[in-house]
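Participant: got a sequence here, can you model it:
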Amino acid sequence: QVQLVESGGGLVQTGGSVRLSCAASGRTFSRNAMGWFRQAPGKEREFVAGINWSGEITNYVDSVKGRFGISRDNAKNTVYLQMNSLKPEDTAVYYCAASTSGYPGTYTYATRYDYWGQGTQVTVSS
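Facilitator: Presented below is the predicted three-dimensional model:
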């Protein structure tokens, strides 16, 4: 059974930092794109960051560029999201996602991902 398990969320003050982790089990994603999405109350799920299989290609939604960093450790089958300079508008449930496609780049569309974690809440207080 394939599982993605996020961890690291919580309550943080404006300007603070949080590091999310997503550990995969049941199969390896070392040759697949992975990503992070988020969903705030009353809003649709949106793409946050994506990373290709090697970690050499990353992309971000404009609102987090320069503040968030996505990385991966294929030996641990884990992807990370370092979130700095957090703002109240970053408050959301954050989900990690994994593709099974052999595409060498990254994906920004949720429909391109095949496995999802259960989500972890990040709340940024003002």
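
Participant: can you tell me the closest non-neighbouring residue to residue 50?
Facilitator: Nearest non-adjacent residue to residue 50, counting by Cβ to Cβ, 6 or more residues apart in numbering: residue 106, 3.6 Å away. Every residue, glycine included, has its C-beta placed from N, CA and C.

Participant: my guess is the one you found contacts residue 56, does it?
Facilitator: No: the criterion here is Cβ atoms under 8 Å, and residue 106 misses it with residue 56 at 10.2 Å.

Participant: more neighbours, those two?
Facilitator: Counting neighbours by other Cβ atoms under 10 Å for residue 106 and for residue 56 shows that residue 106 has the greater number, 21 against 9.

Participant: just to be sure, the more buried one is in a helix?
Facilitator: No: counting by DSSP: H, G, I helix; E, B strand; the rest coil, residue 106 falls outside a helix, being coil.

Participant: from now on call the first residue 259
Facilitator: Understood, numbering begins at 259; the last thing we discussed is residue 364.

Participant: ok, it - contacts?
Facilitator: Residue 364 makes contact with 291, 293, 308-310, 315-317 under the criterion Cβ atoms under 8 Å, 6 or more residues apart in numbering.

Participant: just the buried ones from those residues?
Facilitator: With burial judged by 16 or more other Cβ atoms under 10 Å, the buried subset of the contacts of residue 364 is 291, 293, 308-310, 316-317.

Participant: the residue most central in space within the chain: what secondary structure?
Facilitator: Nearest to the mean C-alpha position of the chain, by Cα atoms, centre = their mean, lies residue 294 at 2.2 Å. Assigned with three-state DSSP, residue 294 falls in the strand class.
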